[in-house]
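Enquirer: predicted structure and sequence below. I'll ask about it afterward.
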Amino acid sequence: MRMTLSNPLRVLGLGLGLGLLSAPSAWAGKVEDDVQAALTAINDGDFEQARVRLDEAEADALISSSVVLSQSLASIWFYRGVLEYYDGDRDQKTLELWRLALLADLEYAFDTTLVADQEPQDLFEALRLEVGARTHVEPGVREDRPNVKVFVDGRLLNQFELVVEGRHLVQVHCPDAKLYNEWYTFGQAPNYYALCEGGTLGGGAVADAGGGKGGKGGKKPDEDKPPREPKEPKDPRPERDINMTRVAVMGAGGALFLGGAVLNFAAVNPTYAEIEAVRAAPATMNRAEADALSAQFNMLRFSTIGLLGVGAAGLGVGYFVTDDTALLVSPAGVGLTGRF
């Protein structure tokens, strides 16, 4: 059974990484100071200064000599999303930034002291489900390099864990006792060990178990050495079967749940606000118009409840789908058949 970097048990792995640093105070770095200064600026209403400090935090993460905590990284993106919510594109850009926050820390808590409205809180929870359901990729950590420690978003990466696809901060502690940092978008695992030899993660190739280096971090073989004897080809690893039924059910459930949250955020609440405005000033609308507005609100509200309910049910059912379960399409509709 594999664990992902979003699992709370990762605290244990983080504790193991403490031995790599010279002192506990090394954990409190420049990034954390930048993030705290940005929060202070937001509370003071100085959004421009907050943006400057968040830009500095992202830049300082690349040159940090200590492991940057996942909560600090997530705060960079969450606070940027808050700024967009109040002074920018709250319908699209805010969601993109909050997805990045949850990629850095799936357990990140929504800060109600910054955004008290219920709608964005519900939407943030829907995004948490969406990010958690993304594809997880192999870690690419090598067994023959125990002297190299790899951290992804502040968490020590082990061979039995998976990484959620998307942009993460990779920090590699090399045998020279230095920490090398780079932002990397995971589709497949990079060659972490290239950073220890002056390379980058950009090539995206995983180093092979025999010591070969992929990407830009590779070295040319010594031309004076005799060629190695060819090895017997290994049997290819059996491909993992993907349970398409589970993917389909959970994907549909997640899409419906997110659709319900967006509908609530974009339509239900503005309609309710309009009703409240009419209640405060009844002379602005006649009875027929008021009845039509109430009917529209009820239709949107029940549609939202239906989408959220069906979506949550789809996610729950998909979790229990096994390889013996399949989609059954018949003239009466679509259902599941088999064993759960």
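Expert: Structure received. Residues are numbered from 1 along each chain as shown.
Enquirer: what's the nearest residue to residue 182 if we skip its chain neighbours?
Expert: residue 201 (4.9 Å; Cβ to Cβ, 6 or more residues apart in numbering). All C-beta spots, glycine's among them, are computed from the backbone N, C-alpha and C.
Enquirer: now do the same for the one you found: its pLDDT.
Expert: For residue 201, the model assigns a pLDDT of 87.
Enquirer: need the contact list for it.
Expert: Residues in contact with residue 201 (Cβ atoms under 8 Å, 6 or more residues apart in numbering) are 170, 182, 184, 190, 191, 192, 194, 195, 215.
Enquirer: quick check: phi and psi at it.
Expert: The phi and psi values for residue 201, taken as degrees, to the nearest 10, are phi -80, psi -10.
Enquirer: how near is it to residue 105?
Expert: Distance, residue 201 to residue 105, using Cβ to Cβ, to the nearest Å: 21 Å.
Enquirer: over to residue 193?
Expert: Taking Cβ to Cβ, one finds residue 193 at 26 Å from residue 105.
Enquirer: now residue 127
Expert: 13 Å.
Enquirer: for residue 189, same thing?
Expert: Taking Cβ to Cβ as the measure, residue 189 falls 20 Å from residue 105.
Enquirer: what's the answer for residue 83, then?
Expert: 19 Å.
Enquirer: can you give me the neighbour number for residue 180?
Expert: 20 (other Cβ atoms under 10 Å).
Enquirer: now do the SS call for residue 130.
Expert: helix (DSSP: H, G, I helix; E, B strand; the rest coil).
Enquirer: surely it and residue 258 touch.
Expert: Yes. Using Cβ atoms under 8 Å, residue 130 makes contact with residue 258 at a distance of 5.8 Å.
Enquirer: circling back: could you pick out the buried ones from the contacts of residue 201?
Expert: Burial by neighbour count, 16 or more other Cβ atoms under 10 Å: within the contacts of residue 201 this picks out 170, 182, 184, 190, 191, 192, 194, 195, 215.
Enquirer: need those residues in TSV (columns: pLDDT and secondary structure).
Expert: Below are the buried ones among the contacts of residue 201 laid out as TSV (pLDDT from 0 to 100; DSSP: H, G, I helix; E, B strand; the rest coil):
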residue	pLDDT	secondary structure
170	95	strand
182	93	strand
184	92	strand
190	90	coil
191	91	coil
192	92	helix
194	91	helix
195	91	helix
215	34	helix
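Enquirer: what's in contact with the one helix or strand residue 150 maps to?
Expert: Using DSSP states H and E, residue 150 maps to strand 149-152. The contact list for strand 149-152 (Cβ under 8 Å, 6+ apart) reads 5, 17, 20, 67, 139, 141, 156-157, 163, 168-173, 192.
Enquirer: parallel or antiparallel, list what pairs with the next helix or strand after it.
Expert: The element immediately downstream of strand 149-152 (helix or strand, assigned by DSSP H and E) is strand 155-156. As defined by DSSP bridges, the strand partners of strand 155-156 come to strand 149-152 (antiparallel).
Enquirer: what mean pLDDT would you report for the partner strand?
Expert: Average pLDDT, strand 149-152: 95.
Enquirer: what's the answer for stretch 58-73, then?
Expert: pLDDT averaged over stretch 58-73 gives 93.
Enquirer: buried residues in that stretch?
Expert: By neighbour count on 16+ other Cβ under 10 Å, the buried set for stretch 58-73 is 58, 60, 61, 64, 66, 67, 68, 69, 70, 71, 72, 73.
Enquirer: likewise for stretch 109-123?
Expert: Buried, per 16+ other Cβ under 10 Å, within stretch 109-123: 110, 111, 114, 115, 119, 120, 122, 123.
Enquirer: as CSV, the residues you listed with pLDDT, distance to residue 36 and secondary structure would be great.
Expert: Converted to CSV, the buried residues of stretch 109-123 look like this (pLDDT from 0 to 100; distance: Cβ to Cβ, whole Å; DSSP: H, G, I helix; E, B strand; the rest coil):
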residue, pLDDT, distance to residue 36, secondary structure
110, 97, 18, coil
111, 96, 13, coil
114, 95, 14, coil
115, 95, 18, coil
119, 93, 27, helix
120, 94, 22, helix
122, 94, 28, helix
123, 94, 26, helix
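Enquirer: what residues does residue 173 make contact with?
Expert: Residue 173 neighbours (Cβ under 8 Å, 6+ apart): 20, 148, 149, 150, 151, 179.
Enquirer: of those, just the buried ones, PyMOL syntax please.
Expert: Burial among the contacts of residue 173 is assessed by 16+ other Cβ under 10 Å; the matching PyMOL selection reads:
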select buried, resi 148+149+150+151+179
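Enquirer: from the contacts of residue 173, pick the one nearest residue 277.
Expert: residue 151 (51.1 Å; Cβ to Cβ).
Enquirer: what's the farthest-apart pair in the contacts of strand 149-152?
Expert: Pairwise distances across the contacts of strand 149-152 (Cβ to Cβ) peak at 19.6 Å, for the pair 20 and 163.
Enquirer: ok, now which ones touch residue 94?
Expert: Here residue 94 is in contact with 81, 82, 84, 85, 88, 120 (Cβ under 8 Å, 6+ apart).
Enquirer: ok now do the second one, which residues does it touch?
Expert: Taking Cβ under 8 Å, 6+ apart as the contact definition, residue 82 lies against 42, 94, 111, 114, 115.
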